[in-house]
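K.L.:
Sequence first, then the predicted structure:
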Amino acid sequence: MDPAGGCPHADNARLLAEGAVAEIVLPGEVPGAVVLGYEALKEFLAHPEVAKGAAHFTALREGAIPDGWPLRTFATVPGMTTADGDDHRRLRTLVSKAFSARRVETLRPRIETLTADLLDRLAEAADGGDGIADLRASFALPLPMGVICELLGVDTEHRDLLHHLSNQVVSTAIGPEEAIAANRAMTAVLAAVVAARTERPGDDLTSALIAARDEDGDRLSPQELIGTLLLTVVAGHETTLNLITNAVRALCAHRDQLQLVRSGKADWPDVVEETLRWDSPVSYFPFRYPTRDLTLHGTLIPQGTPVLAGYSAAGRDTAAYGPDAALFDVTRPARTTGTTRHLSLGHGAHYCLGAPLARMEATIALERLFTRFPDLDLAVPAAELPRHEGFVGNSVRELPVRLRA
């Protein structure tokens with residue numbers, strides 16, 4: 001795996017032509033595997049003999065993974081994504097209340113107001129920059145970051161730093177010293193958030209988690225509290241940031257699909273679902289480990305192997321979506337069945353808790369954006385956009401757009 005990342009789709013197509021599962025070498029010469037095929041990934045994500053806990057990671061257990069390994073946080077951070085069984089259910093139950101359908105719906109007015117404010121700022125940025133503005137930095141980032149920080153009760157002063165550190169924590173392209181420093185800094189910021197909410201509790205998730213910890217010390221340890229906040233911050237804004245960015249790129253490159261939405265032949269939720277399938281916000285998500293030697297679609301994955309979930313590959317698997325799987329088609333969601341629903345938000349016990357919130361944010365953002373700026377287009381050719389660093393996230397680092405023709 002190239003630590004620098006890049007567009008995954010050509011490599012995915014090449015690997016899928018050879019099989020649904022591939023052996024890979026992770027940074028640091030760590031042997032691993034990636035599940036790429038749609039049916040194989042769906043089976044793997046819900047397999048009863050596949051675990052998330054780091055105790056099942058053979059190389060880590062044997063001391064072969066150094067502290068500064070760029071993917072170590074994914075394996076070891078205490079929280080839902082590294083928990084199994086009763087521990088996973090306990091942590092998920094504590095957090096799920098903040099992401100219930102009812103709670104998410106109460107956020108709609110705030111998301112709409114924040115979207116309107118950010119569109120004003122985007123217009124101001126373009127007016128001061130020859131009619132061009134970076135949509136990712138001025139709109140796609142501050143929207144989900146603002147929402148998730150309000151949900152967590154994170155003060156405004158921490159938000160820019162949290163985004164920077166989130167990028168560092170999930171990057172596969174930084175050195176050991178940087179990785180260790182980023183994790184320490186992230187922990188320090190989140191500890192400050194916990195201290196502030198302990199002193200001044202509010203109607204937010206952090207305060208609720210602190211109360212749960214204080215009511216019963218066995219329910220949520222201090223390490224689990226920090227780990228849960230870290231995961232919620234990273235997952236709560238990075239994926240939605242990439243989703244909005246990728247959707248805008250897709251619509252600008254496929255004006256016929258944008259016209260289908262405007263003519264009523266498709267709607268904005270269709271755009272969101274097709275973007276999730278066609279250009280998943282996450283390429284290869286770490287890690288799961290077989291708890292025994294596991295043969296998956298003809299390929300043996302040894303017990304304890306760190307396995308990546310190849311979401312970007314599964315979304316374009318022709319075996320699941322037909323020969324036109326590589327085409328961006330916003331009418332596709334209307335004709336798919338339950339068996340071919342995309343897997344970009346996960347599957348099984350670890351399905352993304354924030355899926356309803358991400359869908360709401362992206363739908364509101366895209367509708368309001370293209371209503372306010374119907375002639376919005378890329379200011380540079382799509383092929384020249386700098387890619388996201390690392391192979392976990394899938395997007396571009398910048399999205400310069402021209403708001404008016």
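P.N.:
Nice, thanks for sending it over. Residues are numbered from 1 along each chain as shown.

K.L.:
From here on, just use CA atoms for contacts and neighbour counts.
P.N.:
OK.

K.L.:
number of nearby residues for the nearest residue to Leu376 once chain neighbours are set aside?
P.N.:
What sits nearest to Leu376 in space, not counting adjacent residues and going by Cα to Cα, 6 or more residues apart in numbering, is Leu403, at 4.3 Å. Leu403 has 23 neighbouring residues, counting by other Cα atoms under 10 Å.

K.L.:
Surely Leu403 touches Arg372?
P.N.:
No - judged on Cα atoms under 8 Å, Leu403 makes no contact with Arg372 at a distance of 9.1 Å.

K.L.:
From the chain's centroid, how far away is stretch 109-123?
P.N.:
Taking Cα atoms, centre = their mean, to the nearest Å, one finds the center of stretch 109-123 at 22 Å from the center of the full chain.

K.L.:
Ok, stretch 67-87 next?
P.N.:
Using Cα atoms, centre = their mean, the offset of stretch 67-87 from its chain centre is 16 Å.

K.L.:
Let's see the distance spanning that stretch from one end to the other.
P.N.:
24 Å (Cα to Cα, to the nearest Å).

K.L.:
ok so, going back, pLDDT value on the residue nearest to Leu376, please?
P.N.:
Per-residue confidence at Leu403 stands at 93 (pLDDT).

K.L.:
just checking, Gly28 touches Trp69?
P.N.:
Yes - the criterion here is Cα under 8 Å, and Gly28 meets it with Trp69 at 7.4 Å.

K.L.:
In terms of neighbours, single out the busier of the two.
P.N.:
Shown here are Gly28 and Trp69; by other Cα under 10 Å, Trp69 has more neighbours (17 against 13).

K.L.:
neighbours around the nearest residue to that one once chain neighbours are set aside, how many?
P.N.:
Spatial nearest neighbour of Trp69, chain neighbours left out: Pro176 (5.8 Å); criterion: Cα to Cα, 6+ apart. The local packing of Pro176 (other Cα under 10 Å) involves 14 other residues.

K.L.:
repeat for Asp130
P.N.:
Asp130 has 9 neighbours, counted by other Cα under 10 Å.

K.L.:
hmm, back to that, please give me every residue in contact with the residue nearest to Trp69.
P.N.:
Asp67, Gly68, Trp69, Pro70 (Cα atoms under 8 Å, 6 or more residues apart in numbering).

K.L.:
and the strand or helix carrying Val248, which residues are buried?
P.N.:
Val248 is part of helix 222-253, with elements assigned from DSSP states H and E. Of all the residues in helix 222-253, those buried under the rule 16 or more other Cα atoms under 10 Å are 224-253.

K.L.:
In the contacts of Pro176, which residue is surrounded by the most others?
P.N.:
Once you tally neighbours by other Cα under 10 Å, Pro70 ends up highest among the contacts of Pro176, having 27 neighbours.

K.L.:
and that residue, helix, strand or coil?
P.N.:
At Pro70, secondary structure determined by DSSP: H, G, I helix; E, B strand; the rest coil is coil.

K.L.:
State the distance from the residue nearest to it when sequence neighbours are not counted to Arg372.
P.N.:
Among residues not flanking Pro70 along the chain, Thr172 sits closest, at 5.3 Å (Cα to Cα, 6+ apart). Using Cα to Cα, Thr172 is found at 37 Å from Arg372.

K.L.:
Same check on Gln259?
P.N.:
15 Å.

K.L.:
cool, and Glu23?
P.N.:
Distance from Glu23 to Arg372, by Cα to Cα: 47 Å.

K.L.:
hmm, back to that, backbone phi and psi for the residue nearest to Leu376, please?
P.N.:
Note on Leu403: backbone dihedrals following degrees, to the nearest 10 are phi -80, psi -30.

K.L.:
Now do the contacts for it.
P.N.:
Contacts of Leu403 (Cα under 8 Å, 6+ apart): Ala123, Ala126, Gly131, Ile132, Ala133, Phe373, Asp375, Leu376, Asp377.

K.L.:
Specify the angle between the helix or strand hosting Arg89 and helix 222-253 in degrees.
P.N.:
Arg89 belongs to helix 85-96 when assigned by DSSP H and E. Using axes from the mean of the first three to the mean of the last three Cα atoms, to 10 degrees, one finds that helix 85-96 and helix 222-253 are set 60 degrees apart in direction.

K.L.:
Give me the below-cutoff pLDDT ranges for the stretch 151-300 of the chain.
P.N.:
Where the stretch 151-300 of the chain drops to pLDDT under 70, the residues are 213-218.

K.L.:
Next, name the residue at the spatial heart of the protein.
P.N.:
Thr239 (2.9 Å; Cα atoms, centre = their mean).

K.L.:
Tell me if I'm right that it and Val282 touch.
P.N.:
Yes - counting by Cα under 8 Å, Thr239 does reach Val282; the two are 6.9 Å apart.

K.L.:
Measure how far stretch 45-53 is from the centre of its chain, please.
P.N.:
With Cα atoms, centre = their mean, you get 20 Å for stretch 45-53.

K.L.:
Residues in contact with both of Thr239 and Val282, list them for me.
P.N.:
Between them, Thr239 and Val282 share the contacting residues Gly393, judged by Cα under 8 Å, 6+ apart.

K.L.:
what's the neighbour count on Gly264?
P.N.:
9.

K.L.:
Let me fix that, I meant to ask about Gly85.
P.N.:
As a measure of burial, Gly85 has 11 neighbours, counting by other Cα under 10 Å.

K.L.:
Thr371 now?
P.N.:
12.

K.L.:
Check it and give its pLDDT.
P.N.:
96.

K.L.:
what's the answer for the one 3 residues further on, then?
P.N.:
Here, the pLDDT recorded for Pro374 equals 95.
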